[in-house]
Structure formats: C-alpha cells, structure tokens
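S.K.: need the 3D shape of this:
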Amino acid sequence: MDGAGATPATSASPVRWGVSDAAIAWIVSLAAAAFASAPFVEGDHIPRADEPVATFVALVFQTGAAIAVLALVARSKGRGSLTTDFGLWLRLRDVQWIVVGLALAAAAGGFTTPILDAGDISDKSQNVRRIFDNAGGVELGLLVFAVLVIGPIGEELLFRGTLLRSLQRRVPMAAAVFASALVFALVHVMLDIGTGFAVPALVLLGLVSGWRAAATGSLSQSIYLHTGFNLLVVLGRFLD
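M.R.: Numbering: from 1, shown residues only. Prediction:
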C-alpha cells in the first residue's frame with residue numbers, strides 16, 4: 001500500500017487465479033480466525049469479558065491469512081503482487097471517501113429501520129454491536145482499530161479485489177458488481193445471523209464499493225468507503 005499516490009504497476013502477463021482462489025482464501029481466513037480465538041473459548045462460547053480481545057485477535061489473523069494466501073496466489077497464478085493483481089493500495093487523497101461511507105451508512109438506515117420495526121428487533125442483535133457495548137478501555141481501542149482498519153482491508157481484498165475481479169473476467173461489469181455485493185452481504189449473514197436485517201445496507205455498500213473498485217482499478221476508495229461505513233457502528237457505541 002502506498003500513501004503517496006503512486007499508481008499500481010501493470011503487466012501483460014496472463015492471470016490464472018479466479019473465484020475458487022477467492023473461496024480458498026476466505027475459508028483459510030476463517031480457519032485462521034477460529035484457531036486464533038480458540039484460547040478464549042470456554043465450553044462452547046467466549047465469555048463476554050473476553051469477546052472484544054477475541055474479536056480483535058480473530059480479525060488480525062483472518063485478515064493476515066487472507067493476505068498471505070492471496071500473496072501466494074498472485075505469485076503463482078498472477079502478476080506477482082497484491083497491488084498489481086488485486087489493487088491493494090491506498091492513496092491519501094482518497095481519504096474523503098470515509099465521509100462518503102459514513103453518509104452511505106446513515107442513508108442505509110432508511111432500508112434497515114422498517115425491517116427492524118416490522119420484526120420488532122434491535123440493531124444490537126448484531127454480534128459486533130453487542131461486543132462494542134461490552135468493551136471499554138484498551139479493549140475498546142483494539143476493537144475500534146479492528147473494525148475501522150483491519151476488517152475493511154481484509155474484506156475489500158477478498159470481495160472487491162479478488163472475487164469482483166474474477167467475475168469481471170467472465171460477466172459484464174454491472175453483473176459482477178451486483179454478484180460480489182450479494183455474496184458479500186450473504187456471507188455476513190451466514191457468519192452472524194443477527195445481521196440479517198442489514199442485508200439491504202450491506203448490498204448497498206457492496207454495490208458502491210464494487211463500482212469504485214471497478215472504475216478505478218484500485219481498492220483505495222473502497223477501503224476508505226468501508227471504513228466510513230463501519231464508523232457509524234463505532235460512533236453508535238459512544239452516542240447511545
């Protein structure tokens with residue numbers, strides 16, 4: 001990643017990675033997260049007091065594993081780097097997309113509020129919201145860093161850097177963006193059933209993020225956008 005605004009290198013070498021590699025990276029990342037969080041598990045669950053640190057550790061290992069797998073994929077099946085193959089880099093001039101992401105999350109409330117009202121449920125049914133409520137001090141700081149930095153990098157690399165680019169080689173851009181956004185939303189629900197009400201909001205994030213990734217050939221704006229989207233959850237912890 002480069003904060004100076006350099007453009008990623010290009011190469012005429014053919015790439016051989018695809019959807020299956022995105023799936024493998026995702027599965028390995030989940031396994032790494034499960035392994036890392038295992039020491040915090042007592043019985044069949046993680047005690048609430050340990051959840052913030054366990055979540056931070058799990059996200060670090062999950063994102064690290066995804067990066068490691070895809071770095072190997074880039075070297076063996078692609079052009080040799082996470083930047084060239086998957087667009088993983090950052091430009092400081094794109095930092096304003098954090099504000100766009102925050103605004104997008106606020107607008108997405110228009111989709112989720114009727115669902116919450118109709119189902120008589122709370123947005124705190126999400127694991128992450130509940131864990132934030134239980135966190136404080138250093139643990140809260142670690143959790144904020146994980147949600148605003150580590151999580152967006154890992155998820156954008158997997159869903160917009162790898163899955164979306166793989167789909168773009170097979171179907172029109174609009175179809176690829178929609179498919180990757182839908183998968184992104186459904187994966188969140190699969191991992192946290194309490195996120196079901198947020199599917200429209202997650203699809204919206206996936207569509208805008210995918211559009212920017214496809215239009216720029218970089219994950220820079222997408223990562224900042226994702227950070228801004230998650231920022232609303234963090235702010236909710238302090239404003240409730």
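S.K.: residues contacting the nearest residue to residue 182 once chain neighbours are set aside?
M.R.: In this structure, residue 182 finds its nearest non-sequential neighbour in residue 203, 6.2 Å apart by C-beta to C-beta, 6 or more residues apart in numbering. Where you see a C-beta, it was placed from the backbone N, CA and C, and this is true even at glycine. Contact analysis of residue 203 by C-beta atoms under 8 Å, 6 or more residues apart in numbering lists 181, 182, 184, 185.
S.K.: tell me the centre residue of this structure?
M.R.: In the chain, the centroid-proximal residue (C-alpha atoms, centre = their mean) is residue 155; its distance is 2.7 Å.
S.K.: surely that residue and residue 226 touch.
M.R.: Yes: with contact defined as C-beta atoms under 8 Å, residue 155 and residue 226 form a contacting pair (6.6 Å).
S.K.: neighbours around the closest residue to residue 86 other than its chain neighbours, how many?
M.R.: Nearest residue to residue 86, sequence neighbours excluded (C-beta to C-beta, 6+ apart): residue 161, at 3.4 Å. By other C-beta atoms under 10 Å, the residues close to residue 161 number 28.
S.K.: residue 161 and residue 212, how far apart?
M.R.: As defined by C-beta to C-beta, to the nearest Å, residue 161 lies at a distance of 12 Å from residue 212.
S.K.: and the pLDDT at residue 217?
M.R.: Residue 217 is assigned 95 on the pLDDT scale.
S.K.: for it, which non-adjacent residue is closest in space?
M.R.: residue 87 (5.8 Å).
S.K.: ok, then the element right after the helix ranked longest in the chain?
M.R.: Longest helix in the chain, counting residues (DSSP state H): helix 51-77. Reading on from helix 51-77 to the C-terminus, the next helix or strand found by DSSP states H and E is helix 82-86.
S.K.: so how many other residues sit close to residue 138?
M.R.: 10.
S.K.: kindly apply the preceding question to residue 137 instead.
M.R.: The tally of other residues near residue 137 (other C-beta under 10 Å) stands at 8.
S.K.: contacts only, for it.
M.R.: Here residue 137 is in contact with no residue (C-beta under 8 Å, 6+ apart).
S.K.: how much space between it and residue 235?
M.R.: Distance, residue 137 to residue 235, by C-beta to C-beta: 18 Å.
S.K.: cool, residue 166 as well?
M.R.: Taking C-beta to C-beta, one finds residue 166 at 34 Å from residue 235.
S.K.: wait, doesn't residue 40 sit right on residue 53?
M.R.: Yes: if you go by C-beta under 8 Å, residue 40 and residue 53 touch, sitting 7.1 Å apart.
S.K.: among the contacts of residue 203, which are located in helices?
M.R.: 181, 182, 184, 185.
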